[in-house]
Structures are given as structure tokens and as C-alpha cells.
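Enquirer: give me a model of this one.
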Amino acid sequence: MSDPGSAISLQSLSSEAVTAQQEREALIEALATGQLRFHQLPAYLSGREKAEVRRLALEKRSGASLENTGRYTFDAERASRQNCENLIGVAQVPVGVIGPLRLDGEYVHDEELFVPLATTEGALIASTNRGCRALRESGGAVVRVDDVGITRAPVFRTSGIRQTRELIAWLEANEDEIRRRAEAGSRFLKLVEIRPSAMGTTVFIRFRFNSGDAMGMNMATIACERVVEEFIEPETGVECVSLSGNFCVDKKPSAVNFQEGRGKRIFAEVQLDKHVLEKVLKTSARALVEVQYRKNLLGSIAAGSMGFNAHFANILASFFIATGQDPAQVGESSVGVTCIEPRGPEGIVMSVYLPDVPLAAIGGGTGLETQREALALLGIEPDAERPGAAVMRLAEILGATVLAGELSLMAALTSRDLARAHEQLGRSRATS
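Expert: So this is what the prediction gives:
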């Protein structure tokens, strides 16, 4: 809400401005000097015009050039409404491509795909591409995905044990009505579980939803708010302290999500023989199994890590940015396990397990122009008649991509190629 000082500033600007250019200059000056806040620009300016005025004000105030920040192709009007407040432009991330990536799932049927990844880390694309070749020459990755559902867990304060038990009993008795109210706001949102957890006078109610092709966090939050304010609080007299009680658990690694899953639960595996290990990956079954045991397992235990893997986060972050996912959810999604075990004469079977991966094929950043192109490249086409199918396909592709990246890095560690690859491909060099 505007404060009285900002209203006076806007009035004086409109009365003193003689031309559009003078008015623009007055707005820039007002922003640069703090007379006007960045969210208080006049509504008649377009999204792109507001972004430009903010940039020029920041340049005036800081002395820094924001010329390249202002070069973008997405719809500024839509982006400023749905994705980014106080828009000034873009931070560009290079996008590379890996592939063909071959996989077989329930939504990807023995296809070969080219996968876009957005990263600033040299060697990541080249390394993951090598993993793609190894998968391809081994017949492709086998991938399966469970749609676990997105969660939101409001936290309540009771008067004590008696009221806590009464609340839990009430939730069980009224589950059907809670479900009806929760699902009333969207035909794609389905409440699949209500699970309370109590300690002392604190009660968490963990709601789990299926949300079609949307990631579902906003849908779940809105549904929970409606149920809490219109039904649970009035009927029970128990106060909701926070709509999120951190037992959801969103954007943080957690044991509950590791055990129960969240979003999509992804499994991907491949069997590699001696020929592929030696020719493509320059390694051996014995070396891979030992590095897996001592690095991913014992090393993770020694560190107290919840991610028993080499670098899931690398692939997740680059995939998320390229396809319009929420990058902050890499924090939870990178929890997972890599397994490598001997199979056959001097071969291995390798798998990755990602229990907690929120994903979207519609909504959020997936609506931005370049992200839509990346999704189209992967054949992601949401269909209202098959809700959820597009995002399940996306999850299968992600699983195989993580497997390719993990496989190549593990091989590089056994052959001591990691530092050499970064020296050649990833090291910054001074430019004139």
C-alpha cells in the first residue's frame, strides 16, 4: 500500500510534467533519490516501460551500467505480473544441449531426445553428454516415476494434550468435508492424504495433494488457507499459527521427504558392460564400485550428508533453470542415492533414486518464452484430458539426465579426469 508521502510525490509529478519525456525523467529522479519506491510506478506504464525506468534510476543512483540486463525477449507484462516483481530485466544463463539421450519409461517410449541445460559451469554439459553416449550404447536408461504429490503443513497451537487429541479425532471424523472444501478451488487438485503430527501443544497437519501438470505448491497453499480459515479454526477453536509449519517440507532437505517422497519420486537405471565402461567412460566396474562405496556412501555418512550422490544438484539446477522450474527446490531435490554394483563379467548396474522432486509442466516459470521452447524441445505438451501426463514425462527425462551426469562424473573420478576436464573446459580466462 502506498504511504502518504508517495501519494504526494505522484501528485507533484503529474502536475509538473509537461511532456512524456519530462515525466519519465521525473520518475527516474524520484526513484533514484528515494522519493518513490520501485513498486509505485504509475499503472499506465507498460511492464517494459516500468522495467526501463527502474533500470535508468538504478544506473543514476549507482553509476553502474545495466545495458545488458535490459536485453530480453520475454513478455515483460506477463513476467512482471506472474514471475518477478520490480522487474528490471534479465540475468542470462547460457543454455547448452546434451544428447541424444535414450530412455524408456511409461511416458517416454524408447525415445532419443536432446535435453537443454542452463549452466555457467564449464565441463558440465560435456561431461553429461558423455554420460548420454554411455547410456545410448548400453540400450538406454530405464526410468520410472511415482507421483507422490505436493505437501503443505500448517501448524496449530492447542491448549494441551486433551485439545490436541480432540483436534486429531475431529480431523479423522471430518476428512471427507475437508477434502471437498480443499478441492473446490480447482478441478485438477486432489487431496490424497491428511496426516497430523503432534508434540506438546503443537500440531502439524500435513496435507498431500495431486495437482495434475502443475507443481502445485501455490494451489496447495491456497486450498489449505481456505480450509483452515473457513472450516478447521471456526469448528475446532484451535488457532493456526502459520500456514507453513516447515513440516511440508519445501525447499529444504529433510528426512520426512526422503522417506515419504514429495512431488515426483524418480528411479533411473542402466546396465553397462565392460566395453562401454572402457571405451566411452575410460574406467572399469571395479573402480566405479569402489569410488561409489568410499565417496557416495562412506563419505556422505562421514559428512552427515542427506545426499548420497556425487552431484545431483548440478544437473537439477541446470535442468530446472532451462525448463522454468523453481530453482530453490534444488535444495530438497538433490537429496537422493546413487547405487553402483557389479553385474555380469566386469559390468555394472547403476541407478539413481530421487525421492523428492517437485516439477511442473504448466504454471510458474514454465510460461516464460525460452522455457516454453525448452519444454517443447522435450515434447512436453500439457493436455487437459490427460492431466499429469506431461509432467510425468518431464520427470522421466530428468531422471535419465541425472543418471547420465552422475555416471560421467563418477567415471571421471576413477580415471582422475575431473581436474583435467575443468582445466580445459571450465577455467575462467582473462579477456581483453
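
Enquirer: what ranges does the stretch 151-300 of the chain have for its strands?
Expert: 155-157, 190-199, 202-210, 239-242, 262-272 (DSSP state E, counting those that start in this stretch).

Enquirer: same list, these, but as CSV with mean neighbour count, distance to residue 121 and mean pLDDT please.
Expert: All C-beta spots, glycine's among them, are computed from the backbone N, C-alpha and C. Shown next, in CSV, are the strands of the stretch 151-300 of the chain (neighbours: other CB atoms under 10 Å; distance: least, CB to CB, whole Å; pLDDT from 0 to 100):
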stretch, mean neighbour count, distance to residue 121, mean pLDDT
strand 155-157, 19, 38, 98
strand 190-199, 15, 37, 97
strand 202-210, 21, 34, 98
strand 239-242, 13, 36, 98
strand 262-272, 24, 22, 98
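
Enquirer: same list (those) but as a markdown table, adding distance to residue 41.
Expert: Below are those laid out as a markdown table (distance: least, CB to CB, whole Å):
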| stretch | distance to residue 41 |
| --- | --- |
| strand 155-157 | 37 |
| strand 190-199 | 40 |
| strand 202-210 | 37 |
| strand 239-242 | 32 |
| strand 262-272 | 36 |
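
Enquirer: of all these, which one is nearest residue 361?
Expert: Nearest to residue 361, of all the strands of the stretch 151-300 of the chain, is strand 262-272, at 11.2 Å by CB to CB.

Enquirer: and the closest one, how far out from the chain middle?
Expert: 17 Å (CA atoms, centre = their mean, to the nearest Å).

Enquirer: can I get that strand in PDB? Just the C-alpha atoms.
Expert: Extracted C-alpha coordinates of strand 262-272, given in PDB (Å, rounded to 0.1, in the frame of the first residue of the first chain):
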ATOM      1  CA  ARG A 262       7.400 -35.300  -2.300                       C
ATOM      2  CA  GLY A 263       6.400 -34.100  -5.800                       C
ATOM      3  CA  LYS A 264       7.800 -36.800  -8.000                       C
ATOM      4  CA  ARG A 265       9.800 -39.900  -6.800                       C
ATOM      5  CA  ILE A 266      12.200 -40.800  -9.600                       C
ATOM      6  CA  PHE A 267      14.100 -44.100 -10.300                       C
ATOM      7  CA  ALA A 268      16.500 -44.500 -13.200                       C
ATOM      8  CA  GLU A 269      19.000 -47.200 -14.000                       C
ATOM      9  CA  VAL A 270      21.300 -48.600 -16.700                       C
ATOM     10  CA  GLN A 271      23.400 -51.700 -17.100                       C
ATOM     11  CA  LEU A 272      26.800 -51.200 -18.700                       C
END
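
Enquirer: for it, packing partners?
Expert: helix 124-137, strand 141-152, strand 347-357, helix 389-415 (3 or more CB pairs under 8 Å, 6 or more residues apart in numbering; DSSP states H and E).

Enquirer: between the shortest one and strand 262-272, how many degrees?
Expert: It stands for strand 347-357. 170 degrees (axes from the mean of the first three to the mean of the last three CA atoms, to 10 degrees).

Enquirer: can you list the buried residues in strand 347-357?
Expert: 347-348, 350-357 (16 or more other CB atoms under 10 Å).

Enquirer: any idea how far that strand is from the chain center?
Expert: 19 Å.

Enquirer: so what does it touch, helix or strand wise?
Expert: helix 255-260, strand 262-272, helix 274-279, helix 285-291, helix 312-323, helix 330-333, strand 337-343, helix 389-415.

Enquirer: can those go into CSV with extra columns for distance to residue 71?
Expert: What follows is these, written out as CSV (distance: least, CB to CB, whole Å):
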stretch, distance to residue 71
helix 255-260, 39
strand 262-272, 34
helix 274-279, 43
helix 285-291, 44
helix 312-323, 18
helix 330-333, 27
strand 337-343, 40
helix 389-415, 29
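
Enquirer: residue 115: which of those is closest?
Expert: With CB to CB as the criterion, residue 115 lies closest to helix 389-415 of the helices and strands packed on strand 347-357, at 5.4 Å.

Enquirer: what is the rounded mean pLDDT of the closest one?
Expert: In this model, helix 389-415 carries a mean pLDDT of 97.

Enquirer: list the buried residues for that helix?
Expert: Buried-residue list, helix 389-415, by 16+ other CB under 10 Å: 389-414.

Enquirer: on that earlier part again, of the strands of the stretch 151-300 of the chain, which is nearest residue 141?
Expert: Closest of those to residue 141 is strand 262-272, at 4.9 Å (criterion: CB to CB).

Enquirer: now that closest one against strand 337-343, angle please.
Expert: Using the same axes, to 10 degrees: strand 262-272 against strand 337-343 is 20 degrees.

Enquirer: residue ranges with poor pLDDT in the stretch 151-300 of the chain?
Expert: In the prediction, the stretch 151-300 of the chain carries no residues with pLDDT under 70.

Enquirer: ok so, going back, what's the closest of the strands of the stretch 151-300 of the chain to residue 103?
Expert: strand 262-272 (7.6 Å).

Enquirer: and stretch 118-137, which residues are buried?
Expert: 118-119, 121-125, 127-136.

Enquirer: what mean pLDDT would you report for it?
Expert: The average pLDDT within stretch 118-137 is 97.
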